[in-house]
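Q: Dropping the sequence and predicted coords here.
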Amino acid sequence: MTHIRIATRRSPLALWQANYIAAELVRLDPSVTTELVKIVTRGDKILDVPLAKVGGKGLFTKEIDEALLDGRADIAVHSMKDVPTELPAGTSIRAHPKREDPRDAIATITKGGLDSLPAGATIGTSSLRRIAQIAAVYPHFKFVSIRGNIQTRLSKLGTEVDAVILAAAGVCRMGMQDQMHEFIDTTVLLPAVAQGTLGIQTRDADASLNTLVDQLNDTDTVDRTRAERAFLARLEGGCQVPIAAFATLDGDQLHLKGLVGAVDGSVLIMRQTTGLRSDAASLGAALADEVLDAGGRPILAALYAQAEA
């Protein structure tokens, strides 16, 4: 019998994700038993400051990495959009199960979508990616930084803000779709890198456990994630920068869109490319270079300098 300790954050969504992976592991091997190792990360503790101002990478993963490295946990379950492109030595993201809805979703006081909101409406989000893209189309909106779990953010609707934007994946996993008023098309709001994708992190040396975890992989999700995260890695992006990327597949053809923008939406640089899915990582890196050469470099340099100030 194999007992697997699963490191996870403590939010309702994180616990749902960890329990989902636990059930999948038992489905693959009924002799497996599991327990959750619940961890509070730095990003969970600092809720009164926008992520962009907290700074640093690994805000939601560092403490979980430590639990994996010091032996308190055997695997970790992450939302991939929170995971830095560089991981601690001796660990890897071993598996990506099938991706959930990658879009963003919005709940509004008007019970309609973005177009239903009046001029001057307040949008609750701490995501610079969302702010940049929405401000480019709706310059009359105002943005209010809100943090916390899904339930906490939705509780501010109608009291502190006129709209709340959330990742559709989390909403769907928590069964809260009926509280959303629009699922925003990716042509309007390009998702965060790997939004909707889970990542299972393990120690490289745990051969037998890795053989089991490998079975959780969904090939399409793996290839799309490789492309998007290669784009992010080349840009050295983090929470303080408006970066978006989204890959889709048509057979062996992978199509990738990538974006870098100014926070106020005054400049959005988007490029796209298509190639073989087997070249996912190189496509992502090449697209990032294209975005940098098209004007992304000075935007990122200014944002990184501001974040470090």
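A: Now that the structure is in, tell me what you want to look at.

Q: Ala233: neighbouring residues, count only.
A: Other residues near Ala233 come to 17 when the count uses other CB atoms under 10 Å. For glycine as for every other residue, the C-beta is placed from the backbone atoms N, C-alpha and C.

Q: same deal with Ser92?
A: Residues near Ser92, counting by other CB under 10 Å, number 15.

Q: Was I right to think it contacts Ala205?
A: No: Ser92 lies out of contact with Ala205 (CB atoms under 8 Å); the separation is 10.6 Å.

Q: Excluding its own residues, what touches stretch 140-152? List them.
A: Outside stretch 140-152, the residues that touch it by CB atoms under 8 Å, 6 or more residues apart in numbering are 11-13, 47-51, 117, 119-126, 131, 134-135, 153, 156, 160-161, 164, 166, 170-171, 174, 176.

Q: which among those end up buried?
A: 11, 13, 50-51, 117, 121-126, 131, 134-135, 153, 161, 164, 166, 170-171, 174, 176 (16 or more other CB atoms under 10 Å).

Q: Sort out for me which of those are in strands.
A: Among the buried ones among the contacts of stretch 140-152, DSSP state E puts Thr122, Ile123, Gly124, Val164, Leu166 in strands.

Q: Distance to Ile64 and pLDDT for those - can I get that in CSV?
A: Listed next are those as CSV, based on distance: CB to CB, whole Å; pLDDT from 0 to 100:
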residue, distance to Ile64, pLDDT
Thr122, 33, 98
Ile123, 30, 98
Gly124, 27, 97
Val164, 26, 98
Leu166, 22, 97
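
Q: List just the nearest of these to Leu209.
A: Nearest to Leu209 among these, counting by CB to CB, is Leu166 at 32.9 Å.

Q: Next, the contact list for the closest one, please.
A: Applying CB under 8 Å, 6+ apart, the residues near Leu166 are Asp104, Ala105, Ile106, Ala107, Ile150, Arg153, Leu154, Met180.

Q: Could you look up the next helix or strand downstream of the lowest-mean-pLDDT helix or strand in the chain?
A: Least confident helix or strand of the chain, by mean pLDDT, DSSP states H and E, is helix 51-54 with a mean of 51. Next in sequence after helix 51-54, counting helices and strands by DSSP states H and E, comes helix 62-69.
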